[in-house]
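Chemist: Okay, predicted coordinates and the sequence, questions at the end:
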There are 2 protein chains.
Amino acid sequence: MLRDISGFSNPLVKRVRSLRDRKHRRREGLFLAEGLRILIEAEEAGTLPEMLFFADVSEGHPQVARLIAAVEAAGGEAIRTSVDILAKLSGKDNPQTVIGVYPERLTPLAQIDRTAADIWIVAQSLRDPGNLGTILRTGDAVGAGGLILVDDCTDPFAVEAVRASMGALFTQAVAATRWSDFVAWLRAGPGQLVGTSLRTETDYQAPRYVSPTFILVGNEAQGLPAAYEDACDLLVRMPMLGKADSLNAAVATAVMAYEVLNQRRATKGSG
Amino acid sequence: MLRDISGFSNPLVKRVRSLRDRKHRRREGLFLAEGLRILIEAEEAGTLPEMLFFADVSEGHPQVARLIAAVEAAGGEAIRTSVDILAKLSGKDNPQTVIGVYPERLTPLAQIDRTAADIWIVAQSLRDPGNLGTILRTGDAVGAGGLILVDDCTDPFAVEAVRASMGALFTQAVAATRWSDFVAWLRAGPGQLVGTSLRTETDYQAPRYVSPTFILVGNEAQGLPAAYEDACDLLVRMPMLGKADSLNAAVATAVMAYEVLNQRRATKGSG
């Protein structure tokens, strides 16, 4: 179904705009993704938006036209509107060409098949949505199975997280749980839990990692709680030659994940 | 010299607040850094602020008191004010305890001693200040000498860049230049220019990197222009197993920089 919306006070415009706010996302069970590139990544991962907003001026764009047809064929709504209303929906002066509204979907921990991938990423009390999205994007690149959020993390469906994920939110499984539940689940099956920490002398290139490897990364400011580190099979650290002795959380995760991937590539003789 | 400012309309408050804007930074030659951790990193790197704003409530904090004394001893101004005015200066409801005002200082390319470090990072048309700051922070960690900004990059003195750098802006040399000037300078001395690209099949772990290694990273959306890739000594790519075939620019830089560092550690037998 295609319809037009031209009024700023249209109730649907207000409702969709409110999805920039976590409280409204939770109530509606919906979130926003912006930009043709991300929406096409989502489609390729098998997910179409329930609602697709596009600017009348971009209707002739072949990829936009194809996306409109796909959304309509799947029973979703395609909504033609103005650049100004897209700007209102996105909160930016130069909005993306398209905005999609998607159902939030977390994967229950119990439904995760850990044997489906060699690498899983576990983040504890991650605060920054940009870091969360960047970690998802890295997870996609290294062939991780997904991201397990432990304790109170920032919202994976925040606009900044979705944007930074560049579509990986649609390819990576995302679970959210408490630490005790995670540990109980982890120890009920195979898996090596590797924490990145400054409180160890073990270089991150020294151990041979075992599949499935669970890379555990802590809060940006505090790192991992000591009790969580104690629960790890291994603690490792990246060499740091500088004064600050710290790396951005998404960077540390990526350096670690590429080490695990590189070891696996070497083992498989495909490096 | 210590003074108190309690009025929101104080001209200095307005002037310092205006430093959140690039135009005003250029005119004044000054920029803002926020938070005790970053200001202490700066001090340890030998840089004190010209002006130090602190909240009256935090005057008793030992590290704040020490910083105040150091700024005054160096002839700078320490300015006692309210949390509300700090919030106005920082544009955040929960401001940091301290805000420093520093002179902008770029290093002229001609003054860079390339033999002082094994790794240098070169960014071309980088758009995101968070990425720029994160790259500086990574540079500090891998022992890079500095960051060379080529063409129109985002401002390294933007508040978001300074924040993401976590103080590395004060430890890393930062130069800004045009591509042709960079290439002329580079080719006048030793140095291997390594571009990260999707247009090559060379795995980033295959080559042996030569010191000093210049890691060249392109714009977040477009990557490197073809002509710039042609000027590289080597083009390499990170393996990407996912659908998106992309990494965040700061993440790609870090994965690459750690590979160079790891090769050097192995050569020196200190890994």
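Modeler: Nice, I can see it.
Chemist: Would the host helix or strand of A:I121 count as contacting chain B?
Modeler: Assessed by DSSP states H and E, A:I121 sits inside strand A:119-124. No - using CB under 8 Å from any CB of the partner chain, we find that strand A:119-124 stays clear of chain B, coming within 9.6 Å at best. In this view, the C-beta of every residue, glycine as well, is placed from N, C-alpha and C.
Chemist: Direction included, what does that strand pair up with?
Modeler: strand A:146-150 (parallel), strand A:213-217 (parallel) (DSSP bridges).
Chemist: Show me what from chain A comes close to chain B.
Modeler: So chain A meets chain B at A:41, A:44-45, A:130, A:134, A:137-143, A:164, A:166-168, A:171, A:203, A:205, A:238-248, A:250-251, A:254-255, A:258, A:261-262, A:265, A:271 (CB under 8 Å from any CB).
Chemist: What residues of the helix or strand bottoming out on mean pLDDT in chain A count as buried?
Modeler: None of the helices or strands of chain A scores lower by mean pLDDT, DSSP states H and E than strand A:2-4, at a mean of 86. Buried residues in strand A:2-4, counted by 16 or more other CB atoms under 10 Å in any protein chain shown: none are found.
Chemist: what's the answer for stretch A:80-97, then?
Modeler: In terms of neighbour count (16+ other CB under 10 Å), stretch A:80-97 has its buried residues at A:R80, A:T81, A:S82, A:I85, A:L86, A:K88, A:L89, A:S90, A:P95, A:Q96, A:T97.
Chemist: Read off the pLDDT value for the fifth one.
Modeler: Spelled out, that is A:L86. Here the pLDDT value assigned to A:L86 is 93.
Chemist: Now do the contacts for it.
Modeler: A:F53, A:F54, A:A55, A:P95, A:Q96, A:T97, A:I99 (CB atoms under 8 Å, 6 or more residues apart in numbering or on different chains).
Chemist: Would you format the strands paired with strand A:119-124 as a markdown table with distance to A:A227, mean neighbour count and mean pLDDT included?
Modeler: Formatted as a markdown table, the strands paired with strand A:119-124 follow (distance: least, CB to CB, whole Å; neighbours: other CB atoms under 10 Å in any protein chain shown; pLDDT from 0 to 100):
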| stretch | distance to A:A227 | mean neighbour count | mean pLDDT |
| --- | --- | --- | --- |
| strand A:146-150 | 12 | 25 | 98 |
| strand A:213-217 | 12 | 25 | 98 |
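Chemist: Those into JSON lines, with extra columns for distance to B:G189?
Modeler: Below are those laid out as JSON lines (distance: least, CB to CB, whole Å):
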{"stretch": "strand A:146-150", "distance to B:G189": "44"}
{"stretch": "strand A:213-217", "distance to B:G189": "39"}
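Chemist: Any idea which of the ones you listed gets closest to A:L109?
Modeler: strand A:146-150 (7.0 Å; CB to CB).
Chemist: circling back to that earlier point, which ChimeraX command selects the buried ones in the residues of chain A next to chain B?
Modeler: Selection of buried members from the residues of chain A next to chain B for ChimeraX, criterion 16+ other CB under 10 Å:
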select /A:41,45,130,134,137,138,139,140,141,142,143,164,166,167,168,171,205,238,239,240,242,244,246,247,248,250,251,254,255,258,261,262,265
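Chemist: Quick check: the two most widely separated of the contacts of A:L86?
Modeler: Greatest spacing in the contacts of A:L86, by CB to CB: A:F54 and A:P95 (10.6 Å).
Chemist: Let me see the backbone angles for A:A45.
Modeler: phi -90, psi 0 (degrees, to the nearest 10).
Chemist: and the closest residue to it other than its chain neighbours, what are its phi and psi?
Modeler: Closest residue to A:A45 apart from its sequence neighbours, by CB to CB, 6 or more residues apart in numbering or on different chains: A:F170 at 4.1 Å. When read as degrees, to the nearest 10, the backbone of A:F170 gives phi -90, psi -10.
Chemist: count of neighbours near A:F170?
Modeler: Neighbourhood size, A:F170 [other CB atoms under 10 Å in any protein chain shown]: 24.
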